[in-house]
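Student: No sequence on hand, only this structure:
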């Protein structure tokens with residue numbers, strides 16, 4: 001089974017308008033509401049690719065209920081922990097002449113609720129995949145990813161970690177099955193500016209040397225790079241399309257990788273389907289659909 005964790009899910013309220021005038025009444029052209037969060041995005045796209053997963057995490061209040069309803073509406077299995085106080089956050093995203101965002105803080109997550117999550121994770125068994133994605137809320141221990149991976153270290157669970165900065169560097173000692181920073185995040189990890197694909201490969205290999213089994217670096221319009229567990233390097237182009245939405249593209253790449261890898265057992269197939277799936281979300285108003293993914297897959301070289 002595949003499990004995803006979203007510690008701080010949200011309702012994303014997206015407002016579209018021609019221009020946004022600060023300090024004045026603004027009227028939108030269109031509004032959309034989505035259940036947001038990196039792990040949730042992975043579960044939704046997996047479901048679109050006909051791969052089952054279970055979404056874990058914390059929800060609270062009426063917004064939490066709506067998040068769970070929407071995730072289930074996509075056909076995903078959920079096992080969220082309902083917090084007794086607070087409400088899940090609402091993120092307002094204004095898409096106008098200049099894009100702006102207001103992200104909510106989210107509810108406090110108690111030590112009791114975290115312990116409940118640990119107990120759910122204790123049921124994972126060898127061969128299960130656990131996706132740890134996104135930032136860590138301020139009310140949680142900053143080393144929670146490490147705690148989870150340490151706790152499950154003897155279970156032979158495959159960890160996929162999609163986070164950045166110190167949170168990523170600190171989990172490399174647990175040999176995650178896959179990590180997926182983009183090229184900007186890769187440069188920030190080492191305090192350098194990466195100017196070309198050769199430099200991206202050089203520093204991606206450093207992450208493998210530090211413990212990651214497989215490393216994918218996404219480079220937006222310049223394609224992507226895979227460093228596999230044998231040290232092999234694979235690069236890809238990007239399918240042709242118009243970018244409409246950057247939200248969820250990286251999460252979609254993770255979902256595509258999992259689906260492709262499970263289909264054949266080959267890392268390269270996961271990489272290829274990941275590129276197509278990330279592109280399908282980037283070229284769509286919402287998250288990638290199966291038909292569009294496989295249409296773009298024919299362009300991935």
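Tutor: Ah, there it is. These figures come from a predicted structure and were not determined experimentally.

Student: Next, the distance between the ends of stretch 73-81.
Tutor: End-to-end distance of stretch 73-81 (CA to CA, to the nearest Å): 18 Å.

Student: Which residues belonging to that stretch are considered buried?
Tutor: By neighbour count, with 16 or more other CB atoms under 10 Å as the criterion, the buried positions of stretch 73-81 are 74, 76-78, 80-81. The way it works is simple: take the backbone N, C-alpha and C, and place the C-beta from them, glycine included.

Student: and if you look at stretch 96-109?
Tutor: 96, 104, 106-107, 109.

Student: Kindly report the same for stretch 111-128.
Tutor: Under the neighbour-count criterion of 16+ other CB under 10 Å, stretch 111-128 has 113-114, 117, 121, 124, 128 buried.

Student: Let's have the buried residues of stretch 73-81 in JSON lines, adding distance to residue 209 and secondary structure.
Tutor: Conversion of the buried residues of stretch 73-81 to JSON lines gives the following (distance: CB to CB, whole Å; DSSP: H, G, I helix; E, B strand; the rest coil):
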{"residue": "74", "distance to residue 209": "38", "secondary structure": "coil"}
{"residue": "76", "distance to residue 209": "36", "secondary structure": "coil"}
{"residue": "77", "distance to residue 209": "37", "secondary structure": "strand"}
{"residue": "78", "distance to residue 209": "37", "secondary structure": "strand"}
{"residue": "80", "distance to residue 209": "37", "secondary structure": "coil"}
{"residue": "81", "distance to residue 209": "37", "secondary structure": "strand"}
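
Student: Format those as CSV; extra columns: pLDDT.
Tutor: Conversion of the buried residues of stretch 73-81 to CSV gives the following (pLDDT from 0 to 100):
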residue, pLDDT
74, 91
76, 95
77, 96
78, 97
80, 97
81, 97
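
Student: so which of the buried residues of stretch 96-109 comes closest to residue 255?
Tutor: Closest approach between the buried residues of stretch 96-109 and residue 255, by CB to CB: residue 106, at 23.2 Å.

Student: And the helices in the chain?
Tutor: Listed from the start of the chain, the chain has helices (DSSP state H) covering 38-48, 61-73, 111-121, 144-151, 165-169, 183-190, 197-209, 249-264, 267-282, 290-297.

Student: weakest of those by average pLDDT?
Tutor: Mean pLDDT across those is lowest at helix 165-169; the value there is a mean of 91.

Student: just checking, what packs against that helix?
Tutor: helix 183-190 (3 or more CB pairs under 8 Å, 6 or more residues apart in numbering; DSSP states H and E).

Student: What is the helix it packs on packed up against?
Tutor: Right, helix 183-190 is packed against helix 165-169, helix 197-209, strand 215-218 by 3+ CB pairs under 8 Å, 6+ apart.

Student: Between the ones you listed, which one is closest to residue 30.
Tutor: Set against residue 30 and scored by CB to CB, those come closest in strand 215-218, at 28.3 Å.

Student: Pull out the buried residues from that closest one.
Tutor: By 16+ other CB under 10 Å, the buried positions in strand 215-218 come out as 215-218.

Student: Since that was my last question, I'll sign off now.
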